[in-house]
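Visitor: predicted model and sequence below, questions to follow.
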Amino acid sequence: MVRATWNGAVIAESDATVVVDGNHYFPPDSLNREHLRASTYTST
């Protein structure tokens, strides 16, 4: 299981991440949205 944490809080946790160039990308349903907020920033 891959876990993403920030300041001791679990932000995401999943066995189904996708690895691209050494970075793990989490499925949307694995995010703990209590610790996240919407942003206008995007990436490609």
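Guide: Arrived safely.
Visitor: how close does the closest residue to D15 other than its chain neighbours sit to V10?
Guide: Residue nearest to D15 in three dimensions, not counting chain neighbours: M1, with 5.3 Å by C-beta to C-beta, 6 or more residues apart in numbering. In short, each C-beta sits where N, CA and C put it, glycine included. The gap separating M1 from V10 is 11 Å, by C-beta to C-beta, to the nearest Å.
Visitor: the more surrounded of these two?
Guide: V10 (12 against 8; other C-beta atoms under 10 Å).
Visitor: mind listing the residues bridging to that one?
Guide: T5 (DSSP bridges).
Visitor: contacts only, for it.
Guide: By C-beta atoms under 8 Å, 6 or more residues apart in numbering, the contact list for V10 reads 3-4, 32.
Visitor: for those, pick the one with the most neighbours.
Guide: That'd be A4 among those, by other C-beta under 10 Å, with 17 neighbours.
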